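In: would you be able to build a 3D model of this:
(chains A and B)
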Amino acid sequence: DAGITQSPRHKVTETGTPVTLRCHQTENHRYMYWYRQDPGHGLRLIHYSYGVKDTDKGEVSDGYSVSRSKTEDFLLTLESATSSQTSVYFCAGGGGMALATDTIYFGEGSWLTVV
Amino acid sequence: GNSVTQMEGPVTLSEEAFLTINCTYTATGYPSLFWYVQYPGEGLQLLLKATKADDKGSNKGFEATYRKETTSFHLEKGSVQVSDSAVYFCALIGSGNTGKLIFGQGTTLQVKP
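Out: The predicted model follows:
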């Protein structure tokens, strides 16, 4: 996993509550990503970061926000959780200045259930 | 925008059979292409990659060749094992080093003894 850890690994929350997932890395990766994985959809990019305080939207960013105030941590926040956000969330990190040839490493996933 | 399309699964093979999983992409310029593998209950791991046209990525008996003319990056293995059972994802990073890594929908491979 090259130093990518996610927390919490499992969470059940109620509709309408805010939720924050944390991704922590120890390898000084420049790029960090948040994906969600759902049956039939593969991995869909939510947001990604290309440096401290530099983030951009992915394919399914509505309802999610991110922050990266330091290199090691990339936070994903569901402002007001909905049942459609029940999913497995994966964080990834990697890359220096030559991302195309660098390896991107994944965390083990965070299972989120919104009831 | 950029996109990746994989063949639908699941793919079921007998041990020692030949494997092909098709992957095609849409992107401007020359993206970098990847295959990732996900074993049950785990995150994704990089299997192989190719960063320019005609490059062949290889690892653990798997191979894929970057074909610019057909915008394809098909995954092949000559003789699969039960331990190869997993979900395989094709992915790309667009040219320009934007950092945006996008995936296809994944193909489940089941290998039977």
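
In: pull the helix or strand with minimum mean pLDDT from the chain.
Out: Using chain A. Across the helices and strands of chain A, mean pLDDT, DSSP states H and E gives its lowest value to strand A:104-106, namely a mean of 89.

In: think we crossed wires, I meant chain B
Out: In chain B, compared on mean pLDDT, DSSP H and E, the secondary structure element with the least confidence is strand B:101-103, at a mean of 90.

In: OK, contacts around B:Ser79?
Out: Each residue near B:Ser79 by C-beta atoms under 8 Å, 6 or more residues apart in numbering or on different chains is listed here: B:Glu16, B:Ala17, B:Phe18, B:Gly61. Every C-beta, even on glycine, is put in place using the N, C-alpha and C of the backbone.

In: B:Gly1 is in what secondary structure piece?
Out: B:Gly1 is part of no helix or strand, with elements assigned from DSSP states H and E.

In: pull the contacting residues for it.
Out: With contacts defined as C-beta under 8 Å, 6+ apart, B:Gly1 is in contact with no residue.

In: repeat for A:Ser65
Out: Going by C-beta under 8 Å, 6+ apart, the list of residues near A:Ser65 reads A:His47, A:Leu76, A:Thr77, A:Glu79.

In: any weak-confidence spans in the chain?
Out: Going with chain A. When residues are selected by pLDDT under 70, those of chain A lie in A:1-2, A:96-101.

In: that answer is for a different chain, and I need it for chain B
Out: Within chain B, the set of residues satisfying pLDDT under 70 comprises B:96-97.

In: can you map out the strands along it?
Out: Chain-ordered strands for chain B, with DSSP state E as the definition, fall at B:3-6, B:11-14, B:19-21, B:23-26, B:32-38, B:44-50, B:56-59, B:62-65, B:75-77, B:86-93, B:101-103, B:107-112.

In: chain A now?
Out: According to DSSP E, chain A carries its strands in the segments A:4-7, A:10-13, A:19-25, A:31-38, A:42-51, A:54-57, A:64-70, A:73-78, A:87-94, A:104-106, A:110-114.

In: for those, which one sits closest to B:Lys100?
Out: Comparing the strands of chain A against B:Lys100 with C-beta to C-beta, the closest turns out to be strand A:42-51 (6.4 Å).

In: what are the phi and psi values for B:Pro10?
Out: phi -80, psi 160 (degrees, to the nearest 10).

In: tell me, how many residues neighbour B:Glu63?
Out: The number of residues packed around B:Glu63, counting by other C-beta atoms under 10 Å in any protein chain shown, is 17.

In: wait, it sits on B:Asp55?
Out: No: using C-beta atoms under 8 Å, B:Glu63 and B:Asp55 do not qualify as a contacting pair, with a distance of 11.0 Å.
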